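[1] Okay, sequence plus prediction incoming.
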Amino acid sequence: MNIKSPSGKIFIGAGEDTTGGDLEPDDSEYISGKKISLEKGNYLILLKKNENNIQISFIKSQYFSNNLQEPIRLG
């Protein structure tokens with residue numbers, strides 16, 4: 001999966017905890033995600049489930065678009 005991060009700030013957490021459309025997340029007391037800072041740019045993201053942990057790798061990339069047809073699920 002590829003992303004474009006023009007600000008260098010990336011939120012890792014539940015989609016319900018992000019701003020979208022006319023909706024805002026619930027009270028910040030209940031937000032469970034974290035913001036991380038990376039160098040501005042495009043990234044290839046690799047995900048791996050290791051027992052009860054999820055490992056996330058960010059690799060600089062020239063690509064930033066995706067053609068996803070199905071939801072991403074870690075199983």
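    Great, that's in hand.
[2] Pull out the buried residues from stretch 3-16.
    3, 5, 10 (16 or more other Cβ atoms under 10 Å). Where you see a C-beta, it was placed from the backbone N, CA and C, and this is true even at glycine.
[3] Name the nearest of the residues you listed relative to residue 66.
    Residue 66 has its nearest neighbour among these in residue 3, at 8.3 Å by Cβ to Cβ.
[4] residues touching that closest one, list them.
    10, 42, 43, 45, 64 (Cβ atoms under 8 Å, 6 or more residues apart in numbering).
[5] most neighbours, which of those residues?
    Greatest neighbour count in these, by other Cβ atoms under 10 Å, goes to residue 43: 20 neighbours.
[6] For that one, which residues count as its bridge partners?
    residue 3, residue 60 (DSSP bridges).
[7] How many neighbouring residues does the residue lying closest to residue 8 once chain neighbours are set aside have?
    Once flanking residues are discounted, residue 8 sits nearest to residue 40: 4.3 Å by Cβ to Cβ, 6 or more residues apart in numbering. Number of residues near residue 40 (other Cβ under 10 Å) recorded here: 11.
[8] Dead centre of this structure: give me the residue that sits there.
    residue 12 (4.9 Å; Cα atoms, centre = their mean).
[9] Against residue 58, how distant is it?
    Note on residue 12: its distance to residue 58, by Cβ to Cβ, to the nearest Å, is 10 Å.
[10] Check residue 39 too.
    From residue 39 to residue 58 the distance is 10 Å (Cβ to Cβ).
[11] Kindly report the same for residue 15.
    Residue 15 is 19 Å from residue 58, by Cβ to Cβ.
[12] returning to that earlier point: of the buried residues of stretch 3-16, just say which sits nearest to residue 68.
    Looking across these and measuring by Cβ to Cβ, the closest to residue 68 is residue 3, at 11.6 Å.
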